[in-house]
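Peer 1: A predicted structure for the sequence below; I have some questions about it.
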Amino acid sequence: MINKKVNNVEEALNGVKDGMTFMLGGFGLCGIPENAISELVKLNVRDVTCISNNAGVDDFGLGLLLQNKQIKKMISSYVGENDEFERQMLSGELEVELTPQGTLAEKCRAAQAGFPAFYTPAGFGTEVAEGKETRDFDGKMYVLEPAFKADFAFVKAWKGDAAGNLVFKGTARNFNANMCGAAKITVAEVEELVPVGELDPNQIHIPGIFVQRIFQGKNYEKRIEQRTVRQKKQVWL
């Protein structure tokens, strides 16, 4: 069995260069590849294109790359809670391609499955469809969307083994699963790296064939993007 395990994040990101296109899993701050993002900041790669649902917050996640002006283009579904993302987009400093969320997920999945493109009704008749092929299917118009092309996909999983098999936990599964195998090289960071054979085959979400490198991450913060708590009622006796 092929051993995909690498010793650390530095080894996992070997080959990363300026001008590349990266996929980064996660939704907001949930399930983001924290170690890979920190290493990208450290490597100071420039002029990169990032494919991610959004860019986290100003001082965490992809927001760190934005602060350092390392990102040339963001392909996302929304600006979210990141003020710096909004500022750079409105000022023209950052190229932004806003994509319907379902289309964004499917463009990842299509790349994963080896499909060059697919038709979707989302965005027809709007700016999203400008310059794209459209076609009528049974009286309904569809837009032809190309699959993504990326150099690296950085994903975060709960558990994994040396063969690259991955198990996600809860909503951290989000875009991570679709991005596995959707780039030339998929790098998976996991909270717990176990020996091959320890994972229950029925619990594996992504088989190792979609992963080229895997390592055990560390020092996860797992920040909460928006914390909302119920006001405690005062009881008078």
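Peer 2: Right, received. Where do you want to start?

Peer 1: C-alpha from now on. contacts and neighbour counts both.
Peer 2: Will do.

Peer 1: Can you list the buried residues in the biggest helix by length in the chain?
Peer 2: In the chain, assigned by DSSP state H, the helix with the most residues is helix 101-113. Of all the residues in helix 101-113, those buried under the rule 16 or more other CA atoms under 10 Å are T103, L104, A105, E106, K107, C108, R109, A110, A111, Q112.

Peer 1: The last one reaches G181, doesn't it?
Peer 2: Yes - in terms of CA atoms under 8 Å, Q112 counts as a neighbour of G181; the distance is 5.0 Å.

Peer 1: Run through the chain and note the low-pLDDT ranges.
Peer 2: Scanning the chain for pLDDT under 70 picks out 1, 235, 237.

Peer 1: what packs against the helix or strand following the longest helix of the chain?
Peer 2: As assigned by DSSP states H and E, the chain's next helix or strand after helix 101-113 is strand 117-120. Here strand 117-120 touches helix 101-113, strand 140-146, going by 3 or more CA pairs under 8 Å, 6 or more residues apart in numbering; DSSP states H and E.

Peer 1: how far off strand 140-146 does the first one point, in degrees?
Peer 2: Interaxial angle of helix 101-113 relative to strand 140-146 (axes from the mean of the first three to the mean of the last three CA atoms, to 10 degrees): 50 degrees.

Peer 1: hmm, who's touching helix 101-113?
Peer 2: Residues outside helix 101-113 that contact it (CA atoms under 8 Å, 6 or more residues apart in numbering) are 53, 76-77, 116-118, 120, 122, 145-149, 175, 178-183.

Peer 1: Drop anything exposed from those residues.
Peer 2: The neighbour-count test (16+ other CA under 10 Å) marks 53, 76-77, 120, 122, 145-149, 175, 178-183 as buried among the contacts of helix 101-113.

Peer 1: Just the ones of those in helices?
Peer 2: Residues from the buried ones among the contacts of helix 101-113 lying in helices, with DSSP H as the criterion: F175, N178, M179.

Peer 1: Please report how far the first one lies from K69.
Peer 2: Plainly put, F175 is 24 Å away from K69 if you go by CA to CA, to the nearest Å.

Peer 1: now swap in the second one and tell me
Peer 2: Distance, N178 to K69, by CA to CA: 27 Å.

Peer 1: sorry, back to before: take the ones in helices among the buried ones among the contacts of helix 101-113 and lay them out in JSON lines including distance to K233.
Peer 2: Converted to JSON lines, these look like this (distance: CA to CA, whole Å):
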{"residue": "F175", "distance to K233": "38"}
{"residue": "N178", "distance to K233": "43"}
{"residue": "M179", "distance to K233": "44"}
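
Peer 1: Let me know the closest of the residues you listed to N219.
Peer 2: If you rank those by distance to N219 using CA to CA, F175 comes first, at 21.8 Å.

Peer 1: nearest residue to that closest one other than its sequence neighbours?
Peer 2: In space, and not counting its chain neighbours, F175 is closest to G25: 5.1 Å by CA to CA, 6 or more residues apart in numbering.

Peer 1: Helices of the protein, start to end?
Peer 2: 9-12, 34-43, 62-67, 83-91, 101-113, 174-179.
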